[in-house]
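>>> Sequence first, then the predicted structure:
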Amino acid sequence: MTLADVPNMAAAFATNVTIGVRSVSALDDVQFPHDHPVLAALRDAYAGIPGERL
């Protein structure tokens, strides 16, 4: 994927152990919806991952 592909994306997100799944509202001048259905599915899947004991 390159920056040229961004206008064809339906949604964008960032994830890590601290924040879970967060929507990205824009990349350069391309706006993305914060409520795209794939984001809800990703959040649900992420929340279903069991934590690990340290």
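On my side now, so go ahead.
>>> what sits opposite the residue most central in space within the chain in the beta ladder?
In the chain, the centroid-proximal residue (Cα atoms, centre = their mean) is F13; its distance is 2.1 Å. Beta bridges link F13 to S23 when assigned by DSSP bridges.
>>> right, and it touches L42 too?
Yes: contact criterion Cβ atoms under 8 Å: F13 and L42 qualify, at 6.4 Å. Where you see a C-beta, it was placed from the backbone N, CA and C, and this is true even at glycine.
>>> Between those two, which contacts overlap?
V21 (Cβ atoms under 8 Å, 6 or more residues apart in numbering).
>>> Q31 is in contact with S23, isn't it?
No: when contacts are counted by Cβ under 8 Å, Q31 is not listed as touching S23 (11.2 Å).
>>> Between those two, point out the one with more neighbours.
The neighbour comparison of Q31 against S23 (other Cβ atoms under 10 Å) goes to S23, with 18 against 11.
>>> for the more buried one, what are its contacts?
With Cβ under 8 Å, 6+ apart, S23 has these contacts: A11, A12, F13, F32, P33, H34, D35, H36, L39.
>>> My guess is R22 contacts A14. True?
Yes: at 5.3 Å, R22 counts as touching A14 under the criterion of Cβ under 8 Å.
>>> Pull the residues that contact stretch 4-20.
21-24, 27-28, 30, 32-33, 36, 38-39, 42-43, 46-47.
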